[in-house]
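Enquirer: Pasting the sequence and the predicted coordinates here, then a few questions.
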Amino acid sequence: MLVFDGSASMNELSFNPTAPSRIKEARVALRQAMPDIAPFRRIGLITYGPGGKNSCSGITLRFAPHPDAASDVIADIESLHPGGLTPLAAAVTTAANVLGYRTQSGIIVLVTDGNETCGGTPCALGARLAAEARDLTVHVIGFRVAHDPFSWNSPEASGYDGETVAKCLADSTGGLFVSTNTIDELAAALRDTLGCPMLSDLPPDLSLPGRRRIPILIETIIDHEKTRIHQFERHSRQYRIAEWLADRHRTSADAVDSLAKGI
């Protein structure tokens, strides 16, 4: 689940008046990254911030995770009009609930340019998610993070000077915290968090004899160009393991190894 910052600061200009706003650069990064990610992972989208006087409750589930969501993510962020404050904790809570975090495994990727400004406590939330979730990881991408004049309403922010307090969500749940300042850095961070590691949700092949046999794919990102893929499948008292080395765009793949392990 992608949780995206739609607060007013995303629309602010920097000290250089000719430089594009954060939202314009983020849109470019999404157009670069999403086509590489969406074919291999179901993605949902939540935005937070817009809502005028009610911006602290301005959290919108744009759509639940589904396959091939690149065009939907890009279109929704293109139409987003940033405004309001930053309810980080409430937005991540919404995402966790959509994913059914108590009974289902899941990954949340939070993109933010600042701190909690609606009185929420992301660090306390991270501790609670770590204790209650079946298997939930929260990755946090800070994009051109800057001091927010409203961060006085972030009770935990004092320990995160120069960073977003949301970092503790990643710290508590075993996720990554990635600080980015450019389009390319943001695109790379999206690929590395939304795209790795990945466990498939392939349905069981009920036509096979005996008990249900479910192929499992595990993908490990090696760098921005290469990825290593393992497939595990049970066959007649053995586990068959196949390994490929592929490029990130799947235009080529080389078999590295294939073997069977007795059980």
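Expert: Looks like it arrived, so ask away.
Enquirer: I'd like the distance between residue 146 and residue 125.
Expert: To residue 125, residue 146 is 23 Å away according to CB to CB, to the nearest Å. Yep, even glycine has a C-beta here, placed from its N, CA and C like the rest.
Enquirer: who has more neighbours, those two?
Expert: It is residue 125, of residue 146 and residue 125, that has more neighbours when counted by other CB atoms under 10 Å, with 24 against 15.
Enquirer: quick one: low-confidence ranges for the stretch 51-200 of the chain?
Expert: By pLDDT under 70, the low-scoring segments of the stretch 51-200 of the chain are 51-53, 147-163, 196-200.
Enquirer: in stretch 174-184, what's buried?
Expert: Under the neighbour-count criterion of 16 or more other CB atoms under 10 Å, stretch 174-184 has 175, 177, 178, 179, 180, 183 buried.
Enquirer: Provide a list of residues in contact with the nearest residue to the third one once chain neighbours are set aside.
Expert: Spatial nearest neighbour of residue 178, chain neighbours left out: residue 189 (4.2 Å); criterion: CB to CB, 6 or more residues apart in numbering. By CB atoms under 8 Å, 6 or more residues apart in numbering, residue 189 lies in contact with 141, 178, 180.
Enquirer: Now, the buried residues of stretch 174-184 that are in helices?
Expert: The members of the buried residues of stretch 174-184 that map onto helices under DSSP state H are residue 183.
Enquirer: which among the buried residues of stretch 174-184 gets closest to residue 167?
Expert: If you rank the buried residues of stretch 174-184 by distance to residue 167 using CB to CB, residue 177 comes first, at 4.6 Å.
Enquirer: is it true that that closest one touches residue 167?
Expert: Yes - with contact defined as CB atoms under 8 Å, residue 177 counts as touching residue 167 (4.6 Å).
Enquirer: For residue 75, see how far away residue 90 is.
Expert: Noted for residue 90: a distance of 24 Å to residue 75, by CB to CB.
Enquirer: who's more crowded, the two?
Expert: residue 90 (20 against 11).
Enquirer: Could you say which helix or strand holds the more buried one?
Expert: Here residue 90, judged by DSSP states H and E, is contained in helix 88-98.
Enquirer: Show the subsequent helix or strand relative to that helix.
Expert: According to DSSP H and E, the helix or strand after helix 88-98 is strand 105-112.
Enquirer: Just list what that following strand packs against, helices and strands only.
Expert: Judged by 3 or more CB pairs under 8 Å, 6 or more residues apart in numbering; DSSP states H and E, the packing partners of strand 105-112 are strand 2-5, helix 88-98, strand 135-143, helix 183-194.
Enquirer: Kindly point out the strands partnered with the third one and how each is oriented relative to it.
Expert: Applying DSSP bridges to the sheet, strand 135-143 is found paired with strand 105-112 (parallel), strand 177-180 (parallel).
Enquirer: Same question for the next helix or strand after the first one: list its buried residues.
Expert: Read that as strand 105-112. Next along the chain after strand 105-112, taking DSSP H and E as the criterion, comes helix 122-132. For helix 122-132, the neighbour count (16+ other CB under 10 Å) marks 122, 123, 125, 126, 127, 129, 130 as buried.
Enquirer: now helix 122-132 and helix 88-98, what's the angle there?
Expert: Interaxial angle of helix 122-132 relative to helix 88-98 (axes from the mean of the first three to the mean of the last three CA atoms, to 10 degrees): 20 degrees.
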